[in-house]
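>>> with the sequence up front, the predicted model follows.
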Amino acid sequence: MTTTTVRPVVAPSVGDRLDRMPITPMHRRLTGVVGIGLLFDTFENNLSGTVSKVLQNDFAFGATTLKLVLASAFIGQFIGSLLLGRIADRYGRRRAFLVNLALYSGFSLLGAFSPNAAWLIATRFLAGIGIGAEQSLSDCYLADVLPASKRGRYTAWAYTIAFCGVPAVGFAALWLVPRSPLGLDGWRWLFVIGSLGSAVVWVLRRQLIESPRWLAAVGRHEEAERLVARMEAQIPAGTARPYAEASAPAATAAAPSAPVEPPRIRTVLQAPYRRRTVMLWLVCVLSVVGYYGFGSLAPQILAAKGYDVVAGLGFTALSFLGYPIGSALSLPVIDRVERRTLVALSAGAMVVTGLGFAYAASPALLILAGFCYTLVSNVFANVSHVYLAEQYPTAIRAAASGLAYSLSKLSAAALPFALLPVLEAYGAGPLFVVIAAAMSLLALSVLLLGERTTGESVDRH
């Protein structure tokens with residue numbers, strides 16, 4: 001007589017169930033709402049740099065004041081990235097989303113009515129606290145709710161929507177700066193547009209669901225179960241992957257009776273996270289040199305080449321068209337090419353096109369090189385956003401990502417003080433040699449220290 005051993009059936013975890021889903025209408029709606037919020041983040045991040053020459057003329061800024069105006073929002077974002085990432089891990093992604101947008105919308109509106117440079121610097125700093133965690137919160141939220149096989153593509157869709165904000169601020173500045181609608185300076189209207197847009201997004205985000213992975217991680221299993229069941233109810237019959245094929249191993253399932261450990265941010269410096277943390281911190285610090293170095297300083301570079309404010313704004317706006325187009329180009333490749341490889345390749349392309357922009361001698365070549373630079377930089381941006389959010393477990397994902405992002409904001413705040421003197425003393429060519437060196441070091445760091453993440457569950461840690 002033979003005995004049959006019956007193995008107990010292990011219920012799939014919340015993460016297993018999320019990873020096996022096809023894309024549902026809810027996934028698309030969440031991606032769209034996040035993308036619209038990111039649109040105003042990119043609008044904000046390129047605002048001060050785009051109108052920097054106009055502000056310098058209106059307020060008669062000296063060199064130091066201009067640097068403070070450009071840096072103030074990024075210093076605020078450094079604080080916001082640290083603070084709101086912790087809030088997201090302790091009190092929920094949705095609540096942190098609402099706090100950051102409320103802060104940004106209110107202080108950006110106050111900045112539109114700045115009577116002097118000090119008021120503008122203060123309001124840009126306070127608005128920066130609100131917007132500082134927008135990207136890290138968005139990346140973590142999408143990593144939480146999207147299935148593993150589509151995570152890169154739909155995060156890239158969110159950023160494709162977002163990057164429409166960059167040419168939007170460029171063309172809005174080109175149209176508004178020479179005018180004074182209703183007696184209000186055109187550049188002030190740009191701040192009003194950003195503020196009111198963020199207020200609309202705040203209303204939309206009240207409808208977001210909380211992250212089921214976060215709910216399960218903090219022990220709120222019944223709420224997580226209800227949300228996942230609601231998402232599964234939208235799956236057409238026969239389209240879901242079997243549980244056995246899910247990316248996450250059964251061992252990642254969280255038992256309802258398991259005690260919930262509070263998030264410990266210091267674990268990012270312990271095994272197995274230490275190596276990836278060093279890599280991500282290097283990426284965040286160095287990527288800003290290439291990414292925001294161009295977006296923030298393009299008008300200054302064009303002025304140094306002898307173009308006036310209106311011509312510079314026109315060239316900048318046309319170059320900025322590469323942002324959404326480059327983001328869209330990442331869609332077919334981001335889930336097919338290993339993330340770290342795509343980060344390195346796109347960083348290398350930024351080196352080549354950036355040097356082309358620096359040494360371009362005609363308006364046509366300037367626009368072409370600037371367009372190509374922004375195009376490849378947004379392939380780089382999309383894949384690096386996805387890659388960062390894939391590194392840490394749910395319990396510390398927002399805080400750990402926010403910590404890495406905060407370094408990028410600190411680096412961005414230092415950029416005007418580090419790069420403007422190079423531009424003023426040596427010109428655009430040497431400036432882009434510095435940027436090229438930073439992006440080359442970044443590519444090397446990712447290839448040597450980065451791990452494979454494409455198609456893997458974020459619960460694999």
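That came through fine. None of the values given here were measured: they were computed from a predicted structure.
>>> rest of the way, CA atoms for contacts and neighbours
Will do.
>>> P22 touches I235, doesn't it?
Yes: the criterion here is Cα atoms under 8 Å, and P22 meets it with I235 at 7.1 Å.
>>> quick one, which of these two is more surrounded?
Applying other Cα atoms under 10 Å to P22 and I235 shows that P22 carries more neighbours, namely 20 against 16.
>>> which strands and helices sit next to the longest helix along the chain?
As assigned by DSSP state H, the longest helix anywhere in the chain is helix 394-426. Counting contacts by 3 or more Cα pairs under 8 Å, 6 or more residues apart in numbering; DSSP states H and E, helix 394-426 is packed against helix 63-91, helix 134-145, helix 212-217, helix 274-304, helix 363-389, helix 428-449.
>>> what angle separates that helix from helix 63-91?
170 degrees (axes from the mean of the first three to the mean of the last three Cα atoms, to 10 degrees).
>>> that older thread, in a markdown table: the helices and strands packed on helix 394-426, plus mean pLDDT.
Shown next, in a markdown table, are these (pLDDT from 0 to 100):
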| stretch | mean pLDDT |
| --- | --- |
| helix 63-91 | 84 |
| helix 134-145 | 92 |
| helix 212-217 | 93 |
| helix 274-304 | 81 |
| helix 363-389 | 88 |
| helix 428-449 | 89 |
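>>> need these in CSV with distance to L345 and mean neighbour count, can you?
Output for the helices and strands packed on helix 394-426, formatted as CSV (distance: least, Cα to Cα, whole Å; neighbours: other Cα atoms under 10 Å):
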stretch, distance to L345, mean neighbour count
helix 63-91, 27, 24
helix 134-145, 21, 26
helix 212-217, 32, 25
helix 274-304, 13, 21
helix 363-389, 8, 24
helix 428-449, 8, 19
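>>> which one of those helices lies nearest to F417?
Proximity to F417 (Cα to Cα) singles out helix 63-91 among the helices and strands packed on helix 394-426, at 6.3 Å.
>>> next SSE downstream of that closest one?
Going down the chain from helix 63-91, the next helix or strand is helix 93-111, by DSSP states H and E.
>>> mind listing what's buried along that next one?
93-98, 100-111 (16 or more other Cα atoms under 10 Å).
>>> list of residues touching it?
Helix 93-111 is contacted by residues 80, 84-85, 87-88, 119-120, 123-124, 126-134, 137, 141, 188, 191-192, 194-199, 201-202, 205-206, 208-211, 214 when judged by Cα atoms under 8 Å, 6 or more residues apart in numbering.
>>> 7 Å instead, please
84, 87-88, 120, 123-124, 126-128, 130-131, 137, 141, 191-192, 195-196, 198-199, 202, 205, 208, 210-211 (Cα atoms under 7 Å, 6 or more residues apart in numbering).
>>> state the pLDDT value of L55.
As predicted, L55 sits at a pLDDT of 72.
>>> point to the residue nearest the middle of the chain.
Q135 (3.5 Å; Cα atoms, centre = their mean).
>>> measure the residue nearest to that residue when sequence neighbours are not counted to A168 for me?
Nearest in space to Q135, with sequence neighbours left out and distances taken as Cα to Cα, 6 or more residues apart in numbering, is L38 at 6.9 Å. With distances taken as Cα to Cα, to the nearest Å, L38 is found 13 Å from A168.
>>> if you count what's nearby, which of these two comes out ahead?
L38 (26 against 19).
>>> what residues of the helix or strand containing the more buried one count as buried?
In the assignment (DSSP H and E), L38 maps to helix 25-45. The neighbour-count check on helix 25-45 (16+ other Cα under 10 Å) flags 26-27, 30-45 as buried.
>>> how much space between the nearest residue to A399 once chain neighbours are set aside and F432?
Using Cα to Cα, 6+ apart and skipping the chain neighbours, the partner closest in space to A399 is G85 (4.1 Å). Using Cα to Cα, we find G85 at a distance of 33 Å from F432.
>>> ok, G15 next?
In terms of Cα to Cα, G15 sits 43 Å off from F432.
>>> please apply the same query to V228.
In this view, V228 and F432 are 48 Å apart by Cα to Cα.
>>> check E390 too.
Taking Cα to Cα, one finds E390 at 31 Å from F432.
>>> before we move on, the earlier item: in strands, which of the contacts of helix 93-111 appear?
Within those, no residue falls in strands by DSSP state E.
>>> in ChimeraX, how would I select the buried members of these?
The buried residues among the contacts of helix 93-111 can be selected in ChimeraX (16+ other Cα under 10 Å) with this line:
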select :84,87,88,120,123,124,126,127,128,130,131,137,141,191,192,195,196,198,199,202,205,208,210,211
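>>> just the contacts of helix 93-111: which are in helices?
84, 87-88, 120, 123-124, 126-128, 130-131, 137, 141, 191-192, 195-196, 198-199, 202, 205.
>>> how about the contacts made by G455?
Per Cα under 7 Å, 6+ apart, neighbours of G455: 148-149, 335.
>>> what about it, which helix or strand?
Counting by DSSP H and E, G455 is part of no helix or strand.
>>> next one: the one 4 residues further on
Following DSSP H and E, there is no helix or strand that holds D459.
>>> look up phi and psi at I235.
Torsion angles at I235 (phi, psi; degrees, to the nearest 10) stand at phi -80, psi 120.
>>> please disregard the earlier target; I meant A233.
Residue torsions, per degrees, to the nearest 10, at A233 are phi -70, psi -20.
>>> any idea how far it lies from M26?
10 Å.
>>> and if you look at G326?
26 Å.
>>> pLDDT weak spots in this protein?
1-11, 48-53, 60-61, 238-265, 293-300, 308-313, 315-316, 460-461 (pLDDT under 70).
>>> swap in 50 and give it another go.
For the chain, applying pLDDT under 50 flags the ranges 1-2, 4-10, 242-260.
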